[in-house]
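Visitor: need coordinates for the below:
(chains A and B)
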Amino acid sequence: METLLTPTLELDKEGYLKNPAQWTPELARDFAAKANIVLTDKHFDVLNWLRAKHAEGVPLTIRKVGASGIVDIKKFYELFPGGPLKVSSKIAGIPKPASCI
Amino acid sequence: MIDTLEKPDVQLTQEEKQLKRVLIICSKGKLEDVYAALVMANGALMEGIEAKMFFTFFGLEAITKKGADHLHTATVGNPAFMPAIPTMLAGLPGFEAFASFMMKKEMDKLDMPHVTEFFEMIEAGGGEIFACKLAADMFHLKKEDMLPQVKDIITVGDMYALAAGDRTQIIFI
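Guide: A predicted model of the protein is given here:
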């Protein structure tokens, strides 16, 4: 079990936060720093949308993010390079998306 | 003599490195084959892997403006598809269109994009789409007949150049 910053944060073996309720914007900045991303307001718009959808139990896909009205797919790739849905989910403190599309 | 040869560096060979790039060649125009290519290309981009697509022969149908969103699945000569339906019946006029329609309906339920939207997603993710020159000549297809996401019509040699570099895989469909 890997821990980050404080021993009370539980991460899964791939580094995703186990309990989304423990997420804070500060934590997001730390996660983002690990992925070499400096978070802007636009990033937080996406993160908040992802967290809201996850809380609703909606399975997340890149296509849904593209249709969210928050960002288009191209911008999403630019904001979170190297696998946007995975990277953004990790920063948003939600589980790794189980999506093929 | 053999005993004196150096053993391969085990550390080096066991090191795991992520794929850097995939080149997906799609030579077929059936709905399921084209979707296999699209899902793999888009899936690669989602993992941070570069994706290039090369469409050749009947696969070209998938990147034409006319054909892209009207691909069919084969009901004849496809034993895994509706095994209970006799081949003669599956060949009746309209059957293939009906089966393809039903399949697309199921795909919609899974939130799978249509072919043209899939290409838009792949392009937005940095993927590149190419057409085969030889096949395009053979089918009398020009760039203007193709979807706007098609970057260029290229030769087989150019295609191999797309797959240059280590940690690249070529997938043929």
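
Visitor: give me the element the residue nearest the centre of chain A is part of.
Guide: Nearest residue to the geometric centre of chain A (Cα atoms, centre = their mean): A:Ser89, 2.4 Å. Taking DSSP states H and E as the criterion, A:Ser89 maps to helix A:84-91.

Visitor: for the record, mean pLDDT for that helix?
Guide: Helix A:84-91 shows an average pLDDT of 94 in the prediction.

Visitor: what about it, near chain B?
Guide: Yes - against chain B, helix A:84-91 shows contacts by Cβ under 8 Å from any Cβ of the partner chain at A:84-87. (Glycine included, C-beta is placed from N, CA and C.)

Visitor: three-state assignment of B:Met53?
Guide: Recorded secondary structure, B:Met53: strand (DSSP: H, G, I helix; E, B strand; the rest coil).

Visitor: what segments of the chain are helices?
Guide: I went with chain A, as the question did not name one. Applying DSSP state H to chain A gives helices spanning A:25-34, A:41-56, A:62-66, A:73-79, A:84-91.

Visitor: I was after chain B.
Guide: Going by DSSP H, chain B shows helices at B:10-14, B:31-46, B:87-90, B:95-109, B:115-124, B:133-138, B:156-162.

Visitor: dump these to JSON lines, plus mean pLDDT.
Guide: Below are the helices of chain B laid out as JSON lines (pLDDT from 0 to 100):
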{"stretch": "helix B:10-14", "mean pLDDT": "49"}
{"stretch": "helix B:31-46", "mean pLDDT": "95"}
{"stretch": "helix B:87-90", "mean pLDDT": "80"}
{"stretch": "helix B:95-109", "mean pLDDT": "86"}
{"stretch": "helix B:115-124", "mean pLDDT": "95"}
{"stretch": "helix B:133-138", "mean pLDDT": "95"}
{"stretch": "helix B:156-162", "mean pLDDT": "95"}
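
Visitor: turn the ones you listed into CSV, columns for mean neighbour count and distance to A:Pro25.
Guide: Output for the helices of chain B, formatted as CSV (neighbours: other Cβ atoms under 10 Å in any protein chain shown; distance: least, Cβ to Cβ, whole Å):
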stretch, mean neighbour count, distance to A:Pro25
helix B:10-14, 7, 39
helix B:31-46, 21, 25
helix B:87-90, 12, 57
helix B:95-109, 14, 36
helix B:115-124, 21, 27
helix B:133-138, 15, 51
helix B:156-162, 13, 41
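
Visitor: in TSV, list those along with distance to chain A.
Guide: Below are those laid out as TSV (distance: least, Cβ to the nearest Cβ, whole Å):
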stretch	distance to chain A
helix B:10-14	19
helix B:31-46	6
helix B:87-90	28
helix B:95-109	10
helix B:115-124	4
helix B:133-138	27
helix B:156-162	20
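
Visitor: out of the ones you listed, which comes closest to B:Lys20?
Guide: When these are compared by Cβ to Cβ, helix B:31-46 sits nearest B:Lys20, at 10.0 Å.

Visitor: ok and the closest one relative to helix A:84-91, angle-wise?
Guide: Counting by axes from the mean of the first three to the mean of the last three Cα atoms, to 10 degrees, helix B:31-46 lies at 40 degrees to helix A:84-91.

Visitor: what packs against helix B:31-46?
Guide: Applying 3 or more Cβ pairs under 8 Å, 6 or more residues apart in numbering or on different chains; DSSP states H and E, one finds that helix B:31-46 contacts helix A:84-91, strand B:21-26, strand B:50-55, helix B:95-109, helix B:115-124.

Visitor: any regions of chain A where pLDDT drops low?
Guide: Applying pLDDT under 70 to chain A flags residues A:1-7.

Visitor: what parts of it come near chain B?
Guide: Applying Cβ under 8 Å from any Cβ, we find that chain A lies next to chain B at A:61-64, A:66, A:72-74, A:76-77, A:81-87, A:99-101.

Visitor: re the thing from before, so how far is chain B from the residue nearest to the centre of chain A?
Guide: Going from A:Ser89 to chain B by Cβ to the nearest Cβ, to the nearest Å gives 11 Å.

Visitor: over to the closest residue to that residue other than its chain neighbours: give its phi and psi.
Guide: Among residues not flanking A:Ser89 along the chain, A:Pro97 sits closest, at 5.3 Å (Cβ to Cβ, 6 or more residues apart in numbering or on different chains). When read as degrees, to the nearest 10, the backbone of A:Pro97 gives phi -70, psi 130.
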